[in-house]
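Peer 1: Just need the structure, nothing else, for what follows:
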Amino acid sequence: MKFTCFTILFSFLGTVESLSAHQEISFNNAFVLSRASISSKLNTKGNLRPFVTTQTSKSHREVNEDLRRHMRLIELDQVLSPRVQNTAPINPSSHYRGLAIVSDSVVWIGGSRGQVIRTTNGGVHWDTFYPRMEKTGILMLKKDFRDIFAKNEEEAVIMSAGDSAVILRTTNGGKNWTLVYSNNQEGIFLDALEIDARTGIGMVLGDPISMKNTIHGNYFVGLYTTDFGNSWRELPNGDWNTPHDSLEAFFAASGTSLVIIKAKINQNCPSEFKLLTVGFAGGGLHPRYSLVNFKSNPHRGKNHRSTIHKIVRPSQIVGDKTRNTSIISSTISSTMPFKGGAGWGCYGLATGCNGRVLAVGGNYLFPNVGDSSLGIANQNEDPIRWQTAQLCPNGYRSGICLLHKIPNQKLRFTNHSLHRKRHSIRLAICTGTNGTDISFDGGTSWKFLSERGYNSCGFSKNWLWMVGNKGSWIKIPIQNLIRHKI
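Peer 2: Numbers count the residues shown, from 1 in each chain. Next up is the predicted model:
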């Protein structure tokens with residue numbers, strides 16, 4: 001029996017070795033059991049050994065069940081891998097980090113070297129754009145478009161990180177781009193752009209810089225929009241954007257260090273928001289998560305409309321509330337379970353139902369260190385308490401996505417009991433430079449799935465999308481991911 005198992009595995013590994021370079025990428029990205037993953041389950045004699053997910057020993061029955069599960073995974077992966085849709089790199093010279101998913105068919109991606117790409121047919125064909133500087137027509141080939149928002153297949157907003165930050169907007173499917181924000185100040189670095197697709201209210205978050213023409217000191221860059229990114233204004237400075245230490249900043253590895261939790265338009269003044277609640281996190285000596293509630297000031301003066309376009313200087317700061325401005329802010333901060341220091345911290349956030357928030361991170365310079373690469377919290381709690389996952393991802397992770405609802409399409413399970421349980425599955429994916437992991441319990445525990453890593457990930461109705469370096473991208477049916485839970 002042991003010899004038979006080893007023979008099956010040896011044949012399986014030989015199949016992987018015989019794949020071409022492109023086929024191997026597709027094969028690995030089908031979330032198959034990789035060669036390294038399989039070999040780690042072989043003992044010195046080449047036989048399958050127990051796969052223990054915790055430090056506690058398992059019973060003989062549990063070990064046998066693990067072995068059977070691994071054999072079923074091998075058979076299942078051979079069936080599922082051809083259904084994963086992937087192509088050769090679109091633009092190998094560009095690294096992709098910004099990911100905006102509109103539907104199963106429409107996806108926008110922002111990349112380095114001034115590239116933006118779009119598909120309107122689910123990845124069968126991609127359009128590549130190189131936005132030009134208005135009036136001069138100069139290509140922005142040095143721009144790194146780290147984040148992107150898309151309203152539909154025609155309207156999108158892109159944000160560059162450093163090297164004189166810009167925000168551009170298109171309303172005709174990428175043919176023309178309008179410059180809606182620019183900042184040439186030394187040290188400017190924008191990290192994340194988020195816009196609520198329902199209200200058009202959004203925010204951009206950037207690293208701390210010296211705010212000239214305001215009160216002296218360094219502050220996080222904070223911009224907001226109420227018209228789907230057509231115009232941007234500065235948020236008033238206060239405790240919410242004051243760094244706690246000299247290293248506190250954010251990471252633009254996936255454009256997900258900022259999330260919008262609530263957004264309401266002011267009906268009396270449609271150009272302003274009534275409420276904007278956001279969460280953001282980054283790195284520092286003691287990485288923290290900030291939950292900030294912005295509200296329009298009900299006691300603002302008659303000259304509000306004429307002054308809102310200017311940078312507002314707070315006249316008084318009491319506790320964590322900025323008063324006597326057009327916008328009032330209140331902040332709740334909580335320490336995250338991430339190691340502090342240069343390059344360490346939170347790189348990506350994802351929110352779910354009932355206030356659940358997941359955070360991934362680590363250090364991109366040490367991709368294999370993952371003992372505290374994921375944190376879980378409920379932001380409805382006061383104070384917000386963070387905890388580490390029971391089983392953490394297998395290293396540094398920059399992108400994370402959480403599926404709120406499992407689609408209702410019929411799933412062809414060999415185990416019919418899974419049909420009844422599909423609504424209880426809380427599917428989550430996280431990815432980084434050294435691999436990808438999956439969770440079926442909303443991020444509480446994670447399983448290593450592929451050595452192939454990406455920068456960003458997200459769900460459409462029926463697909464998981466991931467983008468990464470050297471023009472790489474992949475989409476996988478959610479149905480196949482759920483089948484992976486055996």
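
Peer 1: I figured residue 240 was touching residue 288, is that so?
Peer 2: No - using CB atoms under 8 Å, residue 240 makes no contact with residue 288, being 11.9 Å away. The way it works is simple: take the backbone N, C-alpha and C, and place the C-beta from them, glycine included.

Peer 1: Okay, buried residues for stretch 99-115 please.
Peer 2: Using 16 or more other CB atoms under 10 Å as the burial criterion, the residues of stretch 99-115 that qualify are 99-102, 106-115.

Peer 1: sorry, that was for stretch 285-295
Peer 2: 286, 287, 288, 289, 290, 291, 292, 293, 294, 295.

Peer 1: Give me the pLDDT for residue 399.
Peer 2: If you check residue 399, the pLDDT there is 97.

Peer 1: In contact with it: list those residues for me.
Peer 2: Counting by CB atoms under 8 Å, 6 or more residues apart in numbering, residue 399 makes contact with 99, 253-254, 256, 347-348, 360, 430-432, 454-457, 466.

Peer 1: what sits opposite it in the beta ladder?
Peer 2: Going by DSSP bridges, residue 399 is paired in beta bridges with residue 431.

Peer 1: shaky segments in the stretch 51-200 of the chain?
Peer 2: Scanning the stretch 51-200 of the chain for pLDDT under 70 picks out 51-90.

Peer 1: any idea where the strands of it begin and end?
Peer 2: Remark: strands assigned in the stretch 51-200 of the chain by DSSP state E, counting those that start in this stretch are 96-101, 107-111, 116-119, 127-129, 145-150, 156-160, 165-170, 178-183, 190-195.

Peer 1: Show me the shaky parts of the stretch 351-486 of the chain.
Peer 2: 405-424, 484-486.

Peer 1: just curious, which of the buried residues of stretch 99-115 is nearest to residue 273?
Peer 2: Ranked by distance to residue 273 (CB to CB), the buried residues of stretch 99-115 are led by residue 100 at 21.1 Å.

Peer 1: Beta-bridge partners for that closest one, please?
Peer 2: Assessed by DSSP bridges, residue 100 has beta-bridge partners residue 108.

Peer 1: could you list every residue that touches it?
Peer 2: Residue 100 sits next to 107, 108, 109, 110, 148, 149, 150, 156 when contact means CB under 8 Å, 6+ apart.

Peer 1: got the residue ranges for the strands in the stretch 251-400 of the chain?
Peer 2: Assigned by DSSP E, counting those that start in this stretch, the strands in the stretch 251-400 of the chain fall at 258-265, 273-281, 288-296, 316-318, 321-323, 327-335, 345-351, 356-362, 374-378, 387-388, 399-402.

Peer 1: Tabulate these (TSV), appending distance to residue 245.
Peer 2: Output for these, formatted as TSV (distance: least, CB to CB, whole Å):
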stretch	distance to residue 245
strand 258-265	20
strand 273-281	14
strand 288-296	10
strand 316-318	19
strand 321-323	21
strand 327-335	12
strand 345-351	11
strand 356-362	17
strand 374-378	19
strand 387-388	22
strand 399-402	25
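
Peer 1: which one of these has the lowest average pLDDT?
Peer 2: strand 316-318 (a mean of 29).

Peer 1: Out of the strands of the stretch 251-400 of the chain, which is closest to residue 440?
Peer 2: So among the strands of the stretch 251-400 of the chain, strand 399-402 is nearest, using CB to CB, at 11.6 Å.

Peer 1: where exactly do the helices run in this structure?
Peer 2: Using DSSP state H, the helices found in the chain span residues 2-17, 21-29, 35-39, 60-80, 304-307, 417-421, 478-483.

Peer 1: on that earlier part again, tell me which of the contacts of residue 100 is nearest to residue 225?
Peer 2: In terms of CB to CB, no member of these lies closer to residue 225 than residue 149, at 9.7 Å.

Peer 1: show me what contacts that closest one?
Peer 2: Residue 149 makes contacts with 100, 156, 157, 193, 194, 195, 202, 228, 229, as judged by CB under 8 Å, 6+ apart.

Peer 1: is it in a bridge, and if so with what?
Peer 2: With DSSP bridges as the criterion, residue 149 is bridged to residue 157.

Peer 1: distance of it from residue 461?
Peer 2: Distance, residue 149 to residue 461, by CB to CB, to the nearest Å: 18 Å.

Peer 1: want to throw the strands of the stretch 51-200 of the chain into JSON lines with distance to residue 366?
Peer 2: Output for those, formatted as JSON lines (distance: least, CB to CB, whole Å):
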{"stretch": "strand 96-101", "distance to residue 366": "20"}
{"stretch": "strand 107-111", "distance to residue 366": "25"}
{"stretch": "strand 116-119", "distance to residue 366": "31"}
{"stretch": "strand 127-129", "distance to residue 366": "34"}
{"stretch": "strand 145-150", "distance to residue 366": "22"}
{"stretch": "strand 156-160", "distance to residue 366": "27"}
{"stretch": "strand 165-170", "distance to residue 366": "28"}
{"stretch": "strand 178-183", "distance to residue 366": "32"}
{"stretch": "strand 190-195", "distance to residue 366": "21"}
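
Peer 1: between the ones you listed, which one is nearest to residue 445?
Peer 2: Nearest to residue 445, of all the strands of the stretch 51-200 of the chain, is strand 96-101, at 25.1 Å by CB to CB.
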